[in-house]
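> Show me how the following folds:
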Amino acid sequence: MRFSKIRATESKIKELELKGEFRISCVIRNSEPVIPEPDFELQAEDQIFGVVKASAMEKLKSTLGVSEHVYNPTSV
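Numbers count the residues shown, from 1 in each chain. Sure, this is the predicted structure:
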């Protein structure tokens, strides 16, 4: 799952992950991939890649402050 234009900037990865429901695996910053540590702080232009349970999608979108996501495997 990839999210961009998140409103949860200046948040740390550990503050956004939902235990057992969502895990951030990569952040793209300035066109460079970063495998983030829990204390990694997000910036406004970062793109987040992660894994999320379908049942947690609405909760995640609210946590990240986004209205839509880029890829939804259930719609393929």
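> all contacts plus neighbour counts: C-alpha atoms, from now on.
Fine.
> E15 - that's part of a helix, no?
Yes - assignment of E15 by DSSP: H, G, I helix; E, B strand; the rest coil places it within a helix.
> buried sites along the longest helix along the chain?
With secondary structure taken from DSSP state H, the chain has its longest helix at helix 57-64. By neighbour count with 16 or more other Cα atoms under 10 Å, helix 57-64 contains the buried residues 57, 60, 63-64.
> Would you map the strands across this protein?
2-3, 22-29, 32-34, 47-52 (DSSP state E).
> How far does the longest one sit from its chain's centre?
Looking back up the chat, that one is strand 22-29. Computed by Cα atoms, centre = their mean, to the nearest Å, the separation of strand 22-29 from the middle of its chain amounts to 6 Å.
> With the last one instead?
Computed by Cα atoms, centre = their mean, the separation of strand 47-52 from the middle of its chain amounts to 4 Å.
> rewinding a little: export the strands of the chain to TSV and tack on mean neighbour count and distance to F40?
Below are the strands of the chain laid out as TSV (neighbours: other Cα atoms under 10 Å; distance: least, Cα to Cα, whole Å):
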stretch	mean neighbour count	distance to F40
strand 2-3	18	16
strand 22-29	18	10
strand 32-34	12	10
strand 47-52	17	12
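> for those, which one sits closest to K14?
Nearest to K14, of all the strands of the chain, is strand 22-29, at 9.1 Å by Cα to Cα.
> what's the average pLDDT for that closest one?
Strand 22-29 carries an average pLDDT of 92.
> Going forward, count from 98.
From this message on, residue numbering opens at 98, which makes the last subject strand 119-126.
> could you check the angle helix 154-161 makes with it?
Taking axes from the mean of the first three to the mean of the last three Cα atoms, to 10 degrees, one finds that strand 119-126 is oriented at 50 degrees with respect to helix 154-161.
> Can you name every helix or strand that strand 119-126 contacts?
For strand 119-126, the packing partners by 3 or more Cα pairs under 8 Å, 6 or more residues apart in numbering; DSSP states H and E come out as strand 129-131, strand 144-149.
> Make JSON lines out of those and add mean pLDDT and distance to E107.
Below are those laid out as JSON lines (pLDDT from 0 to 100; distance: least, Cα to Cα, whole Å):
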{"stretch": "strand 129-131", "mean pLDDT": "96", "distance to E107": "16"}
{"stretch": "strand 144-149", "mean pLDDT": "88", "distance to E107": "13"}
